[in-house]
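Enquirer: structure for this input, please:
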Amino acid sequence: MNTLTELEDFMTTPSAELIADLVLIEGDILILGVGGKMGPTLAKMTKRAIDRAGLDKKVIGVSRFSSGSLQQELENFGIETIAADLLNDAQLQALPEVKNVIFMAGNKFGTAGNEHFTWAMNAYLPGRIAEKFKKSRIVAFSSGNVYPLTDVVNGNCSEETEPSPIGEYAQSCLGRERVLTNFSRANDTPMLLFRLNYAIDMRYGVLLEIARHVLEGKAIDLTMGSVNVIWQGDANEYAVRSLLHCETPPKIMNVTGPETISVRWLAEEFGTRFKKQPLFVNEEQQTSLLNNASKAHQLFGYPTVTLQQMVDMTAEWLANNGETYNKPTHFQERKGAF
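Expert: Reported below is the predicted structural model:
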């Protein structure tokens, strides 16, 4: 896989299971925050699945679309778009009533020094969304950051683990969940809280950051010694299929891959592929930010793209100077400062 066209085609190819589930999902699908890292491919995958199923169903993407060509790109794909600032209540209220909402909008990076905006996006806006779409099903993206750091040896955080968010971003994510839960109960709105970490594609993510450090001879911080990752295409598919599993009060679902992955092991894997010796600083701590997504795997099956495939594709992409985003995940952050 060497071109963006090949990457997008691979990432947006729908599975038979997604197509079958879309047949069961009544109504159009509105994606709030379609302009983020995952939104465009989620929208395209959904549209391709609808077309293959021969369904009369719209995919509508909402974003500010303040720059770039994404709005036209989505329109050309057959996805309807609406340019709107969701924090502008008049623009929010003007959005169409749709039976299915995937709520992806939020803020993470740049929180430090701009905490008020993060709280507005992650905790105030969800209440406005819940009131506007009280008659819809809502799948709301959240984060595994709501959990505490957990012992690498003795187990990861399941949906039953009590949240203990570190830092204002993670706290605002829990705020999002609490506000949505309030309105789900008050309005009998079925919802699902989608606790994700970490989705990757070739252009960004934990694997790309580690691989780039190895390739460029930069030291890798081992303090956060273990991670979870999932292929973005699989995470997107889980999100759409989650529309069939919304409940009142909201169902909570952890979303990531099945492995607890050693950062050191990942670096050594990339070192083998690049014929370079990885450099390390610090030592692995006993705890890391880790999710147990076994319930999602039970519902939707294991991710279709394996860890070894992701490692191979990332190495090939970097070796061929593939396009990347300048959007680090800060997966090493242990104090919640984003």
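Enquirer: pull the CA atoms of the longest helix that the chain contains into CSV?
Expert: Using DSSP state H to define each element, the chain has its longest helix at helix 167-187. Below are the C-alpha coordinates for helix 167-187, written out as CSV (Å, rounded to 0.1, in the frame of the first residue of the first chain):
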residue,chain,number,x,y,z
GLY,A,167,-5.8,15.8,33.8
GLU,A,168,-8.4,18.2,32.4
TYR,A,169,-8.9,16.6,29.0
ALA,A,170,-9.7,13.2,30.6
GLN,A,171,-11.9,14.9,33.2
SER,A,172,-13.8,16.7,30.5
CYS,A,173,-14.3,13.3,28.7
LEU,A,174,-15.9,11.9,31.8
GLY,A,175,-17.9,15.1,32.0
ARG,A,176,-19.2,14.4,28.4
GLU,A,177,-20.3,10.9,29.5
ARG,A,178,-22.0,12.1,32.7
VAL,A,179,-23.9,14.9,30.8
LEU,A,180,-25.0,12.5,28.0
THR,A,181,-26.1,9.9,30.6
ASN,A,182,-28.2,12.6,32.3
PHE,A,183,-30.1,13.4,29.1
SER,A,184,-30.4,9.8,28.1
ARG,A,185,-32.2,9.1,31.3
ALA,A,186,-34.3,12.3,31.2
ASN,A,187,-35.4,11.9,27.6
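Enquirer: for it, give the mean pLDDT please.
Expert: This predicted structure assigns helix 167-187 an average pLDDT of 98.
Enquirer: helices and strands around that helix, which ones?
Expert: For helix 167-187, the elements it packs on are helix 115-119, helix 125-132, strand 137-143, strand 191-196, judged by 3 or more C-beta pairs under 8 Å, 6 or more residues apart in numbering; DSSP states H and E. Where you see a C-beta, it was placed from the backbone N, CA and C, and this is true even at glycine.
Enquirer: residues in contact with the helix or strand just after the last one?
Expert: Using DSSP states H and E, the helix or strand that follows strand 191-196 towards the C-terminus is strand 199-200. Counting by C-beta atoms under 8 Å, 6 or more residues apart in numbering, strand 199-200 makes contact with 37-38, 205-208, 229-232, 235, 310, 314, all of which sit outside it.
Enquirer: can you show me the helices along this structure?
Expert: Assigned helices in the chain, in chain order: 4-11, 16-24, 39-53, 70-76, 89-93, 115-119, 125-132, 167-187, 206-216, 232-241, 263-274, 294-300, 307-319 (criterion: DSSP H).
Enquirer: Throw the ones you listed into TSV and include mean neighbour count and distance to residue 161, thanks.
Expert: Written out in TSV, the entries for those read as follows (neighbours: other C-beta atoms under 10 Å; distance: least, C-beta to C-beta, whole Å):
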stretch	mean neighbour count	distance to residue 161
helix 4-11	15	30
helix 16-24	15	28
helix 39-53	22	27
helix 70-76	15	36
helix 89-93	13	33
helix 115-119	17	23
helix 125-132	20	22
helix 167-187	20	12
helix 206-216	21	21
helix 232-241	25	19
helix 263-274	19	22
helix 294-300	17	12
helix 307-319	18	23
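Enquirer: for residue 31, which of the ones you listed is the nearest?
Expert: Relative to residue 31, the nearest member of those by C-beta to C-beta is helix 39-53, separated by 5.5 Å.
Enquirer: distance between the ends of stretch 252-266?
Expert: Taking C-alpha to C-alpha, to the nearest Å, the span from the opening residue of stretch 252-266 to its closing residue is 29 Å.
Enquirer: stretch 102-117 now?
Expert: Note: stretch 102-117 ends 21 Å apart using C-alpha to C-alpha.
Enquirer: which other residues reach that stretch?
Expert: Against stretch 102-117 from outside (C-beta under 8 Å, 6+ apart): 29-34, 36, 38-39, 42, 86, 118, 121-122, 125-126, 129, 138-141, 143, 167-169, 172-173, 176, 239-240, 243, 327, 330, 337-338.
Enquirer: now do stretch 323-331
Expert: Outside stretch 323-331, the residues within contact range by C-beta under 8 Å, 6+ apart are 4, 37, 109, 198, 202-206, 208-209, 212, 224, 227, 289, 318, 338.
Enquirer: burial count for residue 301?
Expert: The number of residues packed around residue 301, counting by other C-beta atoms under 10 Å, is 14.
Enquirer: pLDDT score for it?
Expert: 97.
Enquirer: that one: what's it in contact with?
Expert: Residues near residue 301 by C-beta under 8 Å, 6+ apart: residue 17.
Enquirer: now the nearest residue to residue 99 once chain neighbours are set aside: how far from residue 163?
Expert: Residue nearest to residue 99 in three dimensions, not counting chain neighbours: residue 27, with 2.8 Å by C-beta to C-beta, 6 or more residues apart in numbering. Separation of residue 27 from residue 163 (C-beta to C-beta, to the nearest Å) stands at 31 Å.
Enquirer: this completes my enquiry, with thanks.
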